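Student: Next come a sequence and a model predicted from it.
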There are 2 protein chains.
Amino acid sequence: MKNTIFAFKNDSPKYKQIYEQFKSFIEQGDILADEQLPPIRHLADSLQVSRNTTLMAYDQLVAEGYIRGEGRKGYFVNELEPLVFQEALKSHSKKQTESAKPVRVDFRAGVVDQTHFPLSIWRRMSNQVLTFQKSFLYGEHFGEMCLREQISEYLLQSRGMKADANAIVIGSSTQQILIYLGLILKDDYPSITVEDPGYDGARNAFQFHHFMLETLPVYETGADFSKLEQMESRLIYVTPSHHSPYGVSMPIQQRQTLIQWANQVQGYIIEDDYDSEFRYTQQPFPALASIDSARVIYLGNFSKSFLPGLRLSYMVLPQPLLKRYKNQFLHFESTTSLLSQLTMAKFMEEGEWNRHIKRMRLVYKRKMQHLVSLLKKQFEQNVSIIGEQSGLYILVKVHTKHSEEQLIQRAYDGGVKVYPTSPYFIKNNTDQPLIKLGFSNLSFGEIQLGVNLLKKAWLL
Amino acid sequence: MKNTIFAFKNDSPKYKQIYEQFKSFIEQGDILADEQLPPIRHLADSLQVSRNTTLMAYDQLVAEGYIRGEGRKGYFVNELEPLVFQEALKSHSKKQTESAKPVRVDFRAGVVDQTHFPLSIWRRMSNQVLTFQKSFLYGEHFGEMCLREQISEYLLQSRGMKADANAIVIGSSTQQILIYLGLILKDDYPSITVEDPGYDGARNAFQFHHFMLETLPVYETGADFSKLEQMESRLIYVTPSHHSPYGVSMPIQQRQTLIQWANQVQGYIIEDDYDSEFRYTQQPFPALASIDSARVIYLGNFSKSFLPGLRLSYMVLPQPLLKRYKNQFLHFESTTSLLSQLTMAKFMEEGEWNRHIKRMRLVYKRKMQHLVSLLKKQFEQNVSIIGEQSGLYILVKVHTKHSEEQLIQRAYDGGVKVYPTSPYFIKNNTDQPLIKLGFSNLSFGEIQLGVNLLKKAWLL
């Protein structure tokens, strides 16, 4: 480390200037990973500031992940991944001022890996799209045909589905699509069966139209179809490829049972295929709609597989519903950015989408394996891990007397954010708390730190 | 018409059941176009309901375009499938390649000037936004705070409104916002008054929730408020700054009347301020909500003023509604691209938005003047021009015996696309055809060519 003299300015607090100086040393590689920082006392003396000032600077650096404290040994520089730190600052420093406790690792799901995002390709294509004349118009009401054609091809290749581009409707989110769809379903189908536990956001969208809800119990081992025949509903909302949140995949027998049922009651299956791209142990299973799509409303989106902030989703409608939907929404403008649609169409057309999915499957697989092996090592028999074959999160069933809330609070006090699963449950509750850990945008180092902190926090 | 016996059910109002029965007769072709409906008195007697009940059912059918009143002659069924006609217009680009006739000039509204778009600035900012860490997350449910703060400031400066950033909700289109908003209004406010003529897209959004529609007559000279007191609705949807499509602006007396009325009936005014930025003769009028926002739901968007394909709109809610809205939609993801929101926030923050509006006001003003002077020169007394003080289109009232459809067809045969205004009208029809001409993305040369071709086509 360079021996640099700090020339303090008057326009900002001293601790902040120290923090900023070290931050830039680390970012520029002047201090390397695992190098030790000067002890607080020494630094305070040499800069002629209080120890508290130095401590505040170091705390900020810890909070933002630049350095780590290792107890009496002192402070060491963390390994950085080039893209992460650029803007990390802004959002973190805001959060920190709000809460007293710094979050060192956030096991949040619903975020994607930033370091492997195809930034320059996406930029190039979206810049190109801005020169198209059609970018200055209102778009097509049901989505741009070029994107629908690409999705149609993707569904055939990757999900085994024959979906005509005309039968695809582009929307901005699963919930928005369900709200619009609900309008043409609710009169003929006043009630719907949903998974318990299951995706709460879908339930909210059904409640928008005051659908009556019935529940299909789902367990770690799969759904229980024994009462399907007795249901009043002729609509069912399911996540067959990767159950949310248990992660189980529906076997073919159950899929066939569902399709038979839908034909028998003249109803519809809403298949939410929200993250089927990321299956690590086998090839992704074909969609339920690939068996027989006549009674399946298929939902897909780009939030998990590409970028949630794009707000780009779609559905595939069976013919009779498609006709009704198009009549009903003939005069409704699209809710989805035309620019995003055109850029995504280009991205898919040039093969970048397939490359991206392949690359990310590997990236996420490694992160998943890393997380699972660390959890097993640290917690041994004290937790069970659920859903490690696919997706961007796992569930940890914690064998403890503590409640979900207590576990989350303890983790938070120890500097780790973990997430509840209780919002997914209606009445089919678990005996032991289930904690949700997302890992998609964490580095290997952060995953390791997070598990270590959890171990300390939970004392298991 | 079949002689059908109504078996009234108890679960919905009688007028609604009558309305629904007639609607289905018309849709199924049981009553044909131009057939007369039973007079109100007869129907009331034969169904043993009050005349008022029958009248309400007929009014709703009129409002939705199923039937028309012809004064003392009674009520007659309208020709259905206006869909085909409008669809043909909307998907014009496809038809164009199919049909032999090339469109040389397209007077389409709903498109923005491409040559003055701040392409490099927008590109730079959207590229920058892609490096932010928050761009890889799901966004805030009610919109990004940075954008809401910028909008709040803009509304204060340009529209004279004090709107707290927290009271602003970001959405993707006026229609999507009205659909979401409708959910928290429809139970307390089962009916709504809309302008006639008025923006058809808003009416479609209200019909999503089956609001009953009453109409406020609007003429070239302004709205007729004489029957406001007698309206049943306690909700009204208006375009005070720039009436769609007549272009008139509501004088302060009418604005005050509206606000008094809303206070008196404890209702709400939905103010759609869709293109107030472009006023050429004076400074833009302050928003209605600037007088008293307690009973005004304000809607704004970036479609006319910036780029329709962004799909970026917003509303400002009065406190009691805001609370209900946020409770209702707490668990709903945003429908709007996070990237677009962050880019627009930056664009506004750096003053580019104000510069853009100033520049575009001048650009559009010149185009407007050019179009108007050419039309006056070519058509002299044969047309009247309506709405030249503001906006991105004008209406041309053509003094002719030809119908709107004939004028559009003739223009099309002569290589010019012009647009109908009939979709805006409910029952307050004009005596002579009104043609809509948008000019925003046409060059001076194209405008000139377009007017010349129109002159030849219309032979006036």
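Tutor: Here it is on my side, so go on. Numbering: from 1, shown residues only, chains lettered A, B, ... in the order given.
Student: Tell me which helix or strand A:Met56 sits in.
Tutor: A:Met56 belongs to helix A:51-63 when elements are defined using DSSP states H and E.
Student: partners of the helix or strand following that helix, with directions?
Tutor: The element immediately downstream of helix A:51-63 (helix or strand, assigned by DSSP H and E) is strand A:67-69. Pairing partners of strand A:67-69, with direction, according to DSSP bridges: strand A:75-77 (antiparallel).
Student: before we move on, the earlier item: chain center to the helix holding A:Met56: distance?
Tutor: The chain centre lies 32 Å from the centre of helix A:51-63; the measure is CA atoms, centre = their mean, to the nearest Å.
Student: Test my guess that A:Leu228 contacts A:Gln260.
Tutor: No: between A:Leu228 and A:Gln260 there is no contact, the gap being 9.8 Å when judged by CB atoms under 8 Å. (C-beta placed from N, C-alpha, C; glycine too.)
Student: Of those two, which one has the most company?
Tutor: Between A:Leu228 and A:Gln260, counted using other CB atoms under 10 Å in any protein chain shown, the more crowded position is A:Leu228 (19 against 13).
Student: check whether the helix holding A:Met56 contacts chain B.
Tutor: No: using CB under 8 Å from any CB of the partner chain, no contact is recorded between helix A:51-63 and chain B, whose separation bottoms out at 14.4 Å.
Student: Quick one: list the elements packing against that helix.
Tutor: Packed against helix A:51-63 by the contact rule (3 or more CB pairs under 8 Å, 6 or more residues apart in numbering or on different chains; DSSP states H and E) you find helix A:14-27, helix A:40-47, strand A:67-69, strand A:75-77, helix A:85-98.
Student: contact partners of the third one?
Tutor: This points to strand A:67-69. Residues outside strand A:67-69 that contact it (CB atoms under 8 Å, 6 or more residues apart in numbering or on different chains): A:22, A:26, A:37, A:58, A:61-62, A:75-78, A:449.
Student: Just the mean pLDDT for it, thanks.
Tutor: When pLDDT is averaged along strand A:67-69, the result is 81.
Student: and what of the last one?
Tutor: The predicted model assigns helix A:85-98 a mean pLDDT of 40.
Student: and A:Ser334, how far is that from A:Ser172?
Tutor: 8 Å (CB to CB, to the nearest Å).
Student: between these two, what contacts are shared?
Tutor: Common neighbours of A:Ser334 and A:Ser172 are listed as B:Arg311 (criterion: CB under 8 Å, 6+ apart).
Student: In three-state terms, how would the closest residue to A:Met250 other than its chain neighbours be classified?
Tutor: What sits nearest to A:Met250 in space, not counting adjacent residues and going by CB to CB, 6 or more residues apart in numbering or on different chains, is A:Pro240, at 4.0 Å. The three-state assignment at A:Pro240 reads coil, by DSSP: H, G, I helix; E, B strand; the rest coil.
Student: quick one on the thing from earlier: now the contacts of strand A:67-69 in TSV, please, with extra columns for distance to A:Ala345 and pLDDT.
Tutor: Converted to TSV, the contacts of strand A:67-69 look like this (distance: CB to CB, whole Å; pLDDT from 0 to 100):
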residue	distance to A:Ala345	pLDDT
A:Phe22	45	85
A:Ile26	40	79
A:Leu37	49	89
A:Tyr58	48	85
A:Leu61	43	72
A:Val62	44	71
A:Tyr75	49	90
A:Phe76	47	88
A:Val77	43	87
A:Asn78	40	79
A:Leu449	40	96
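Student: Most neighbours among those, please name it.
Tutor: Of those, A:Phe22 is surrounded by the most neighbours, 25 neighbours in total, counting by other CB under 10 Å.
Student: From what I see, it and A:Leu37 are in contact.
Tutor: Yes: at 7.2 Å, A:Phe22 counts as touching A:Leu37 under the criterion of CB under 8 Å.
Student: Report the set of residues contacting both of these two.
Tutor: The contact sets of A:Phe22 and A:Leu37 overlap at A:31, A:67 (CB under 8 Å, 6+ apart).
Student: give the contact list for the residue nearest to A:Met250.
Tutor: When contacts are counted by CB under 8 Å, 6+ apart, A:Pro240 touches A:249-250, A:254-255, A:258, A:271, A:273, A:285, A:287-288.
Student: and if you look at A:Leu299?
Tutor: A:Leu299 neighbours (CB under 8 Å, 6+ apart): A:174, A:177-178, A:270-274, A:313-315.
Student: Name the SS class of it, please.
Tutor: Using three-state DSSP as the criterion, the local structure at A:Leu299 reads strand.
Student: mind checking pLDDT for A:Gly300?
Tutor: According to the predicted model, the pLDDT of A:Gly300 comes to 97.
Student: tell me the contacts of A:Pro217?
Tutor: A:Pro217 makes contacts with A:196, A:223-224, A:428, as judged by CB under 8 Å, 6+ apart.
Student: Quick check: the two most widely separated of these?
Tutor: For the contacts of A:Pro217, the maximum inter-member distance is 10.6 Å, found between A:Ala223 and A:Asn428 (CB to CB).
Student: In the stretch 351-460 of chain A, what residue comes closest to chain B?
Tutor: Per CB to the nearest CB, the residue of the stretch 351-460 of chain A with the smallest distance to chain B is A:Asn441, at 6.3 Å.
Student: and that residue, what helix or strand is that in?
Tutor: Once you assign secondary structure using DSSP H and E, A:Asn441 falls outside every helix and strand.
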